[in-house]
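A.B. asks: Here you go, sequence then predicted model.
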Amino acid sequence: MSLSLHAPRTLSHLQQHPVIERPDGPAHLSWDSPAIDIMLDLSRVELPTIAHDAAIDEAHASMQQHQAQQLLVTDEHGRLSGLVTRRELIGGRRITIAMQQRDIPRSEVTAGMVQTPCEALHAMALAQLERLSLGQLLETLRASGDQYLLVTQGDRDQTPRLRGLVSAADIGRALKLDMTLLPEARSFADICQVVLGHEL
């Protein structure tokens, strides 16, 4: 096999210590910002997943490895089964309930047993989210006790696909709310209560 030779490229030595590029932090959003700006776009960012039959200790280790606050739980076909949060994996009552109901030790509790199933989560079509401001989205979610909103997009064959995720905590951070004042504020309803007491 013959190789085509090209003129060598010139390399250089650094003359000074360069600034290290860092990813941008979350933008400061306002009530009038497009709601789509707060969505975690799964076509650009891959969220960690865990099989529904994986032990909760394995799920917790994966969460720590990826520095994630939540994991997407998949079924035996690799489709979304639900979502499990860090809070549920470090002593949430769902672990205790799973142990009591099934009469099993903690080591046998799986991610699927403590997940919030996707059927229990609210969803919104991407096309609908794209038409809303952040304020309008919060108004829509103000009665919701959910921590997450699933954003879906249909295929040509109308099979739903999970396109993105909106979290109440991300909205709070993007709006620069001091969440330490209300550490229990975790749901969209909680965030709405905080927003009403702040000028954005």
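C.D. replies: Thanks, I have the structure now.

A.B. asks: could you pull out the helices for this protein?
C.D. replies: Counting by DSSP state H, residue ranges of the helices within the chain are 56-66, 86-89, 93-102, 111-114, 126-129, 134-141, 168-174, 188-196.

A.B. asks: what mean pLDDT would you report for the second one?
C.D. replies: Averaged across helix 86-89, pLDDT comes to 87.

A.B. asks: What lies in contact with that helix?
C.D. replies: Residues outside helix 86-89 that contact it (Cβ atoms under 8 Å, 6 or more residues apart in numbering) are Ile56, Ala59, His60, Met63, Ala68, Gln69, Gln70, Arg94, Ile95, Val114, Gln115, Arg186. Glycine gets a C-beta too; all of them are placed from N, C-alpha and C.

A.B. asks: So which bits of it are buried?
C.D. replies: In terms of neighbour count (16 or more other Cβ atoms under 10 Å), helix 86-89 has its buried residues at Glu88, Leu89.

A.B. asks: Kindly report the same for the first one.
C.D. replies: Taking 16+ other Cβ under 10 Å as the basis for neighbour counts, the residues of helix 56-66 that come out buried are Ile56, Ala59, His60, Ser62, Met63.

A.B. asks: circling back to that earlier point, just put the contacts of helix 86-89 in a markdown table and tack on distance to Leu138.
C.D. replies: Output for those, formatted as a markdown table (distance: Cβ to Cβ, whole Å):
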| residue | distance to Leu138 |
| --- | --- |
| Ile56 | 32 |
| Ala59 | 30 |
| His60 | 31 |
| Met63 | 27 |
| Ala68 | 24 |
| Gln69 | 20 |
| Gln70 | 20 |
| Arg94 | 27 |
| Ile95 | 31 |
| Val114 | 28 |
| Gln115 | 25 |
| Arg186 | 15 |
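
A.B. asks: so who does Ser81 touch?
C.D. replies: His52, Val73, Thr74, Asp75, Gly112, Gln115, Pro117, Cys118.

A.B. asks: Can you tell me which of the helices of the chain is packed in deepest?
C.D. replies: Across these, the average number of neighbours (mean count of other Cβ atoms under 10 Å) peaks for helix 111-114, which reaches a mean of 22.

A.B. asks: Quick one: mean pLDDT over that helix.
C.D. replies: For helix 111-114, mean pLDDT is 96.

A.B. asks: Quick one: residues in contact with it.
C.D. replies: Residues external to helix 111-114 that are found in contact with it (Cβ under 8 Å, 6+ apart): 50-56, 58-59, 71, 73, 81-82, 84, 88-89, 92, 94-95, 98, 102.

A.B. asks: what do you get for stretch 60-78?
C.D. replies: The contact list for stretch 60-78 (Cβ under 8 Å, 6+ apart) reads 47-53, 59, 80-86, 89-90, 111-112, 115, 148, 162, 167, 169.

A.B. asks: before we move on, what about stretch 94-104?
C.D. replies: By Cβ under 8 Å, 6+ apart, stretch 94-104 touches Ile56, Glu88, Leu89, Pro105, Arg106, Glu108, Val109, Met113, Val114.

A.B. asks: That's all I had, so thanks and see you.
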